[in-house]
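**Q** Whatever this is, show me its structure:
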Amino acid sequence: MDKFVDYLKRGWPALLLIVALVAVWHLAVAQSQSLIFPTPGQVLAGTVELAQNGTLWEHIGASLMRVTVGFLLAVAVAVPVGLWMGRVDRVYHTLNPLFQILRPISPIAWIPLAILWFGVGDVAPVFLIFLAAVFPMIVQTANGVHTIEQRYLHAAMNFGVSRQKMFHQVIVPAVLPDIVVGMRIGLGVAWLVVVAAEMIVRASGLGYMIIDARNAGNRYDLVVAGMAIIGLIGLLLDVVMRRLEGLNSVRWRYGR
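**A** Numbers count the residues shown, from 1 in each chain. This is a model prediction of the structure:
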């Protein structure tokens with residue numbers, strides 16, 4: 001009960017701000033008498049319509065599936081590569097320039113090549129999501145290894161700890177906070193890219209739903225509904241990653 005009250009105390013300013021913005025949105029549409037842009041009530045009605053016929057859950061499930069696959073593939077590549085770069089200077093100086101060249105390239109710029117290589121199925125958006133997530137995680141993981149306090153390594157060497165044990169029991173636990181931060185950044189970027197990635201998908205996903213609603217009869221209530229749902233899911237994903245950052249096993253390097 002105390003935790004719930006604490007959440008309310010911390011969350012009410014944000015809730016009030018959202019309510020105020022929705023009220024301003026409603027008043028602006030009512031005053032302009034727009035026949036195209038929807039009111040909050042029309043957006044809610046469109047969302048209920050999609051939820052009742054099951055279409056909404058299909059699109060959400062498809063988007064989450066693609067983001068999950070692309071993100072997990074990025075984690076599987078980025079964490080080992082980042083640890084390797086952080087521990088071996090020659091590898092870092094070889095790979096880092098390449099990653100710094102590729103990292104600023106927007107995943108959207110890869111769409112023509114993704115279609116050329118993988119067609120318009122599920123593989124192309126997963127590839128784009130992978131590209132969006134992998135580079136932030138590599139950079140953050142390698143940086144985490146570089147910032148490990150030397151006293152941890154010196155203490156382990158003084159006790160005669162083997163290199164393998166040092167890696168698994170000292171380096172990896174010490175760099176976990178940076179890995180999780182990289183995962184949080186990568187997941188946020190991956191979810192951001194999902195709309196653009198799903199523009200090349202045949203018939204599923206929140207991005208496809210937005211484009212289809214715009215093209216099939218100017219259903220801007222469904223366009224805005226899709227945008228709001230993407231934002232809410234992004235918020236939930238960020239909350240989950242923040243909880244992961246707070247685990248004691250993740251933050252042992254920093255004590256309490």
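
**Q** Low-confidence regions, the stretch 1-150 of the chain specifically.
**A** 1-9 (pLDDT under 70).

**Q** What is the burial count for residue 185?
**A** 17 (other CB atoms under 10 Å). To be clear about C-beta, it is placed using only N, CA and C from the backbone, and glycine gets the same treatment.

**Q** now for the helix or strand harbouring it, which elements pack on it?
**A** Using DSSP states H and E, residue 185 maps to helix 172-197. Packing partners of helix 172-197 (3 or more CB pairs under 8 Å, 6 or more residues apart in numbering; DSSP states H and E): helix 55-87, helix 123-146, helix 206-215, helix 220-245.

**Q** What are the buried residues along it?
**A** For helix 172-197, burial by neighbour count (16 or more other CB atoms under 10 Å) applies to 174-197.

**Q** Domain map for this structure?
**A** 1-35, 37-254 (automatic domain parsing).

**Q** Out of the ones you listed, which one sits most buried?
**A** Highest mean neighbour count among those (mean count of other CB atoms under 10 Å): domain 37-254, with a mean of 17.

**Q** how close does residue 23 get to residue 105?
**A** According to CB to CB, to the nearest Å, residue 23 and residue 105 sit 41 Å apart.

**Q** Give the phi and psi angles for residue 147, as a check.
**A** The phi/psi pair for residue 147 (degrees, to the nearest 10) reads phi -100, psi 10.

**Q** Quick check: it touching residue 174?
**A** No. Residue 147 is beyond contact range of residue 174, at 9.0 Å (criterion: CB atoms under 8 Å).

**Q** Name the residues contacting each of those two.
**A** Here residue 147 and residue 174 share no contacting residue, scored by CB atoms under 8 Å, 6 or more residues apart in numbering.

**Q** OK, contacts around residue 182?
**A** Residue 182 touches 78, 82, 136, 137, 138, 139, 140, 141, 144, counting by CB under 8 Å, 6+ apart.

**Q** closest to residue 27 among the residues you listed?
**A** For the contacts of residue 182, the closest approach to residue 27 (CB to CB) belongs to residue 136, at 39.4 Å.

**Q** got a list of what that closest one touches?
**A** Contacts of residue 136 (CB under 8 Å, 6+ apart): 103, 182, 185, 186, 189.

**Q** rerun at 10 Å
**A** Counting by CB atoms under 10 Å, 6 or more residues apart in numbering, residue 136 makes contact with 74, 78, 103, 181-190.
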